[in-house]
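Participant: Predicted model follows, preceded by the sequence.
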Amino acid sequence: MKFEFRFEMNSTGNYVGVLANSVLVKGKIASQNAGSSNGGLYYQVGGLGVNGYFHDALGAATLLDNVNKAMVTAYDNRFGKDAWKQDQNGRGDRLTSFYIPFPADAHSVGVSVGSRVAGMVYSVGPQIPGPKVPDRDLYRQIYVDAFAAVAAANKNAASTETIEALRLTMLSTGIYGPSDATDATALAHDAACVILEAVEVSAKLPDAAHLPGIMLINNSKVAKKLPNKEMDAFSSAAKARGITVDSTGFTLDLAGQTQAKKAHL
């Protein structure tokens, strides 16, 4: 299987709106949100950072209440009746991802939700104070859960509604990550490596044929902190695998990588 990783920015070289269409993709996309495990905002959209951007976009489209209610339902379906209500003080041992689809007319109110944005992937990562992902299995599984959720949605969708691309977020590398700039850069690079591992694992899932073939890497060259954090991190992770990277992105060819490994052995 091949996955295209494409670097995207807006016309001014800054981040694309979290729920905006992508000029790099003609079909439907889903966008990944970095959610919260903290009390008061547990598995809900709001607060600061990426989650705050989603809050503003969904609020402008009058979708916020419905999305947050859908999150509660998804959580209870996963962890048991009334689980979300019981966990409201916050907990860090139920970290996963849910896909929340938007109604077909989600883009009709204002312009905060693009006409080709099918839904949101809400993913909750661990809080990481240092330069490395301490529990790689846990971090990887959060992304596998995200990819699996989108694949399941595609499996049951009409051909015109399938999600072609997923706009990724680097969990735990912002508000949940280290405050030291050097550690934050190192963590972003390590996280990107684990995310590529998660794609590789997901390619072996039963519904792998329904995975989106394009991963959008939203990045900025004008951000005040860690400019081009995402582009630099994913470029480093790809090059560590021997993959050629250019300004547009790279291709993760899992079959080719397997053959290269066998040849090396």
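Facilitator: Here it is on my side, so go on. From a predicted model like this one, the values you see are computed outputs, not experimental measurements.
Participant: The chain: helices as residue ranges?
Facilitator: Using DSSP state H, the helices of the chain run over 49-60, 64-79, 83-86, 136-155, 181-202, 229-240, 254-264.
Participant: Run the angle between the longest one and helix 136-155 for me.
Facilitator: Using axes from the mean of the first three to the mean of the last three CA atoms, to 10 degrees, one finds that helix 181-202 and helix 136-155 are set 50 degrees apart in direction.
Participant: show me the contacts for the residue lying closest to residue 247 once chain neighbours are set aside.
Facilitator: Nearest residue to residue 247, sequence neighbours excluded (CB to CB, 6 or more residues apart in numbering): residue 7, at 7.0 Å. For glycine as for every other residue, the C-beta is placed from the backbone atoms N, C-alpha and C. Residue 7 sits next to 217, 219, 230, 231, 234, 247, 248, 249 when contact means CB atoms under 8 Å, 6 or more residues apart in numbering.
Participant: For PyMOL, write a command that selects the buried ones of the residues you listed.
Facilitator: For the buried members of these, the matching PyMOL selection, counting by 16 or more other CB atoms under 10 Å, is:
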select buried, resi 217+219+230+231+234+249
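Participant: Out of the contacts of residue 7, which comes closest to residue 12?
Facilitator: residue 219 (12.9 Å; CB to CB).
Participant: Mind pulling the model confidence for that closest one?
Facilitator: As predicted, residue 219 sits at a pLDDT of 96.
Participant: about what we covered before: tell me the bridge partners for the residue nearest to residue 247.
Facilitator: residue 217 (DSSP bridges).
Participant: Could you report the separation of it from residue 39?
Facilitator: 36 Å (CB to CB, to the nearest Å).
Participant: Could you find the closest non-adjacent residue to residue 136?
Facilitator: residue 194 is the one closest to residue 136 (CB to CB, 6+ apart), at 5.5 Å.
Participant: Equivalent analysis for residue 66, please.
Facilitator: In space, residue 66 is closest to residue 103, 8.0 Å off (CB to CB, 6+ apart).
Participant: burial of residue 134, as a residue count?
Facilitator: A count of nearby residues for residue 134, using other CB atoms under 10 Å, gives 11.
Participant: thinking again about what came up before, for the residue nearest to residue 66, give me phi and psi.
Facilitator: Main-chain torsions, residue 103, degrees, to the nearest 10: phi -60, psi 160.
Participant: That one and residue 109, how far apart?
Facilitator: Counting by CB to CB, the gap from residue 103 to residue 109 is 11 Å.
Participant: Model confidence for the closest residue to residue 183 other than its chain neighbours, exactly?
Facilitator: Nearest non-adjacent residue to residue 183, counting by CB to CB, 6+ apart: residue 131, 4.2 Å away. Note on residue 131: pLDDT of 98.
Participant: ditto for residue 227
Facilitator: 74.
Participant: quick one: contacts for it?
Facilitator: So residue 227 contacts 220, 221 (CB under 8 Å, 6+ apart).
Participant: separation between it and residue 80?
Facilitator: 44 Å.
Participant: again with residue 101
Facilitator: 23 Å.
Participant: who has more neighbours, those two?
Facilitator: Set side by side, residue 101 and residue 80 show more neighbours around residue 101, with 16 against 10, by other CB under 10 Å.
Participant: what's the burial count for the residue nearest to the more buried one when sequence neighbours are not counted?
Facilitator: Nearest residue to residue 101 in three dimensions, chain neighbours excluded: residue 119, at 4.0 Å (CB to CB, 6+ apart). If you count neighbours by other CB under 10 Å, residue 119 ends up with 24.
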